Each structure stands twice: as structure tokens, then as C-alpha cells.
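> Okay, sequence plus prediction incoming.
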Amino acid sequence: MKNDQRQFSEQKKQLETEISGLRQGLDKIADGMNLQGTKPSPAFTLQNDWKKQLDLLLSSLKSSKEDISNKKEQFLRSYNKLRSDFNQQSGLLSNLFQGLDAMLDRASDGYEPFYYLYERMSDHAGILAQQLSMLNTRLESLDRSQSDVVQHCWFHGSKIHDELKRIEQRSAVHLEGRSTATNMLRIGMELDSPEAAKVRMQAYIEKSVQEVREEYRSGKSTREIKSSIDKLIQSRELLNTYLGTTRIPVFVYKIDINMSNSRPKIWEDAIRENSGGEKFVIYFSVLSALMAYSRAQEQVVRSGAGEDMTKPGTRVLIMDNPFGPISSQHLLKPLFDIAKRYNTQLICLTDLKQSSILNNFNLVYMLRVRKGAASSKEYLKFDEFKRSTDLDDKDEALEKAFYRVSDFQQMKLWD
């Protein structure tokens with residue numbers, strides 16, 4: 001009997017020790033996590049050395065909590081940075097962040113609030129993916145539009161280059177002492193290749209687009225931005241880009257009394273060094289070439305509209321005393337040769353009577369002031385001189401002429 005009591009007493013002490021250990025383990029668990037509403041997992045198996053198992057589980061739980069806390073802090077830092085950077089970028093982003101802020105404030109260390117936050121962020125990610133897809137489509141469209149702009153600007157620069165060459169060709173005149181026609185105007189344009197010009201235009205348009213973007217971001221008005229765009233796509237800017245240079249020298253032909261000394265001179269030197277008569281011939285040749293080119297372009301447009309443009313184009317220049325600085329034969333003859341080359345009728349008012357001037361006109365009116373025989377009044381009389389016997393009276397005759405100031409539109413060199 002005594003042995004049984006002793007054995008029972010030992011078993012009791014052992015059970016009390018185990019119960020005490022279980023209570024200590026329970027306290028550890030309670031310190032490590034909230035047991036309220038927690039149910040044991042059916043798959044959990046208690047090992048013989050449950051204390052060691054508990055210590056391992058609690059250590060793993062502590063490590064997981066620290067890891068979760070660090071990840072939560074990292075998430076909050078990243079989220080706050082994103083919100084600071086992009087919240088004001090668009091109304092869509094502002095609304096998305098506003099909805100997430102409300103859920104983030106209610107989120108705790110529990111599983112469900114963060115899971116709901118995760119679901120909401122996944123939905124928002126889908127919305128942003130759709131928006132990005134739409135924006136990428138628009139960017140592709142803009143890239144195509146930019147390519148079209150590059151192509152149009154390249155074509156415009158090419159057109160100006162070709163038209164300037166055409167003006168140069170139209171300035172060719174047969175001068176006395178020359179077996180071939182002489183270009184009175186030459187434009188120094190050297191193109192390396194159309195392909196290289198297109199590469200330059202591509203780079204120029206990309207640079208211009210970036211400049212316009214910077215102006216837009218700086219808060220400039222639409223009017224200011226439009227003005228900047230107009231300057232960037234001016235014909236001269238596009239021509240400079242097409243040629244790859246900002247210097248396009250213009251040469252004009254200097255006519256010397258000794259034809260062997262006649263030669264092209266750069267425009268600035270000709271204006272500074274040539275005599276008054278030589279400069280007048282230069283101005284006249286440039287003006288005649290531009291008039292011929294503009295009229296030819298106008299005829300192309302009119303013929304395209306169905307008008308009959310089979311007759312050769314003619315021009316008329318009315319000049320007041322043009323022979324003041326020019327009276328030498330070596331300058332007068334090229335002047336009238338140029339007028340004849342461009343089928344231009346010259347109506348000139350002058351008080352000079354040199355035969356070197358008058359002999360170049362088929363019809364001359366000489367105005368004279370006469371006094372009345374029986375009174376002191378004066379009257380104007382004109383004498384008509386026709387140098388050509390083939391001249392029809394109806395072809396050229398002096399009639400009344402009026403000049404009225406009215407609205408007019410200057411003809412453009414290029415549209």
C-alpha cells in the first residue's frame with residue numbers, strides 16, 4: 001500500500017511539473033500571438049519534445065512578424081513615394097490613390113484587411129494596364145504623325161531647293177560676247193544627298209518637338225507655343241536643315257565694259273563695290289527672274305483650274321527715271337536683253353534724250369510745254385515717235401491712265 005502511495009505521489013508531481021510546463025508554454029504562446037478565435041490546425045502534430053517544438057515555432061513566428069513588419073514599412077515608404085510623385089499627374093491616379101488611402105488607414109496586422117487591400121490594388125493595376133495600353137497606342141500614333149511631319153518638312157525643304165534652282169535657271173540671258181547663256185543669278189546650294197538630308201530633318205524635328213515640350217511644361221500659353229512652332233518650321237529653317245548649313249551665298253553677275261572682266265560676285269560684295277548702274281542691272285535681273293518664276297507658277301495653277309494658258313506670259317514694268325544711274329551702252333544692252341528674255345514691256349519715264357536710250361524703244365512720247373499764242377496760259381503737247389514701221393496703231397498707243405490705291409494681296413513666292 002505504501003508503495004502505491006509513493007508511486008502515485010511521484011506521478012502526481014510529474015503531472016504537476018508537466019502542467020506547469022504547459023502553462024509556461026501557454027504563456028509564451030500568449031505573449032507571442034493573440035489566441036482569441038484561434039483554432040488548432042488538424043494537420044498539426046505535437047512532438048514528444050513539445051517544448052523544443054514550441055520554442056522553434058515561437059522563434060519562427062517572431063522572425064515572420066519582424067519580416068512582415070519590415071515589408072510593411074517598405075511597402076508604406078514605396079506607396080507614399082508613388083503617391084507623392086504621381087498623385088497630381090492625372091485625375092485617374094488621384095482617384096485611385098484616394099480609394100487606396102481609405103483602405104490603408106483601416107488595415108492592421110490582420111490578414112483580411114491586407115487581403116482586401118491586395119485585391120483592390122490588383123484591380124487598380126488592371127485599370128492602369130488598360131490606360132497604359134491606350135497611351136501606348138496613342139504614342140504609336142504620335143510616332144507615325146511625327147514621321148509624317150518629318151516627311152512633309154523634308155519634302156518642303158526639297159521643294160524650296162528645287163524651286164531656287166529653277167529661279168537660277170530662269171535667270172539665264174544671252175549676253176553680247178558670250179556664246180552660251182549666262183546665269184545672272186546663282187544660289188550657292190550644295191546638297192550631299194537626299195538620304196542625308198532626311199536624317200538631318202529627322203534629328204531637327206525630334207529636337208524641335210523636345211523644345212516645344214519644354215515650353216509646354218514651363219507653362220507657356222498656347223499662343224506662345226504656336227509662335228515657337230511657326231518659327232521652327234519656317235521655310236528658311238527647313239532649307240537650312242535640308243542643306244545642312246545656315247550659309248547660302250547668292251552670286252550675281254557683274255557686267256563690265258570689258259566683257260572678259262565680267263564675272264559672278266557674291267551679293268554683299270556686288271552691293272558694296274559695284275557702281276550705281278551695275279547695281280541697277282543686278283536689281284533688275286533679280287526682279288525679272290523672280291517675276292518670271294512667280295508668273296510661271298501662277299500659270300501652272302491656273303492651267304490646273306481649267307484656264308487656257310497656252311499664250312506665253314507677259315510682264316509690264318513701269319519705272320520712274322531708271323536711266324539716271326545707267327546710260328552706258330554696255331549696261332543698257334544687257335538691261336533690254338533681260339527684258340526681252342522675260343517678255344517684259346518697259347514703260348519708262350525720263351527726261352534723258354540720248355539716242356542710246358531712246359533707240360531701245362519702239363514707241364516714244366515726247367511731252368512739251370507750250371504757251372498759248374494769244375494768252376499767257378500754258379498747255380501740254382506731246383509728239384509721238386514710232387521707230388518701227390510695222391507697229392500697229394492699235395497695238396501700242398497712249399491712253400488715259402489712273403492709279404488708284406486699293407487693297408491688294410502680294411503674290412507669294414512659295415505657298
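Great, that's in hand.
> list the contacts for Phe251?
Listed by Cβ atoms under 8 Å, 6 or more residues apart in numbering, the contact partners of Phe251 are Leu185, Arg186, Ile187, Gly188, Pro264, Lys265, Ile266, Trp267. Every C-beta, even on glycine, is put in place using the N, C-alpha and C of the backbone.
> export those residues to CSV and tack on pLDDT?
Converted to CSV, the contacts of Phe251 look like this (pLDDT from 0 to 100):
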residue, pLDDT
Leu185, 84
Arg186, 86
Ile187, 87
Gly188, 87
Pro264, 85
Lys265, 87
Ile266, 87
Trp267, 84
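> Out of those residues, who's the most crowded?
When neighbours are taken as other Cβ atoms under 10 Å, the top entry among the contacts of Phe251 is Leu185 (24 neighbours).
> Quick check: phi and psi on that residue?
Per-residue torsions, Leu185: phi -140, psi 130 (degrees, to the nearest 10).
> How much space separates it from Ile248?
Distance, Leu185 to Ile248, using Cβ to Cβ, to the nearest Å: 13 Å.
> now for the contacts of Phe251, which pair is the farthest apart?
Farthest pair in those (Cβ to Cβ) is Ile187 and Lys265. Separation: 13.8 Å.
> Leu243: how many residues sit nearby?
By other Cβ under 10 Å, 20 other residues sit near Leu243.
> Surely Leu175 touches Asp256?
No. With contacts counted by Cβ atoms under 8 Å, Leu175 stays clear of Asp256, the gap being 11.0 Å.
> Domain-wise, how is this protein divided?
According to automatic domain parsing, the chain comprises the domains 1-32, 255-415.
> ok, which stretches of the chain are helices?
Using DSSP state H, the helices found in the chain span residues 2-32, 50-86, 91-106, 111-170, 194-217, 222-232, 235-243, 267-273, 276-304, 329-341, 355-358.
> Turn the ones you listed into TSV, including distance to Ser376.
TSV is the format used below for the helices of the chain (distance: least, Cβ to Cβ, whole Å):
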stretch	distance to Ser376
helix 2-32	135
helix 50-86	96
helix 91-106	92
helix 111-170	55
helix 194-217	74
helix 222-232	64
helix 235-243	62
helix 267-273	50
helix 276-304	41
helix 329-341	40
helix 355-358	32
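> thinking again about what came up before, so Leu175 and Asp256 - more neighbours on which side?
Taking other Cβ under 10 Å, Leu175 and Asp256 do not tie; Leu175 has more neighbours (19 against 13).
> Leaving out the residues flanking it, which one is nearest to the more buried one?
Distances taken as Cβ to Cβ, 6 or more residues apart in numbering place Thr182 nearest to Leu175, at 5.2 Å, with adjacent residues excluded.
> Name all residues that make contact with the one you found.
With contact set as Cβ under 8 Å, 6+ apart, Thr182 has these partners: Ala172, Val173, His174, Leu175, Tyr253.
> Give me the distance between Ser141 and Asp148.
10 Å.
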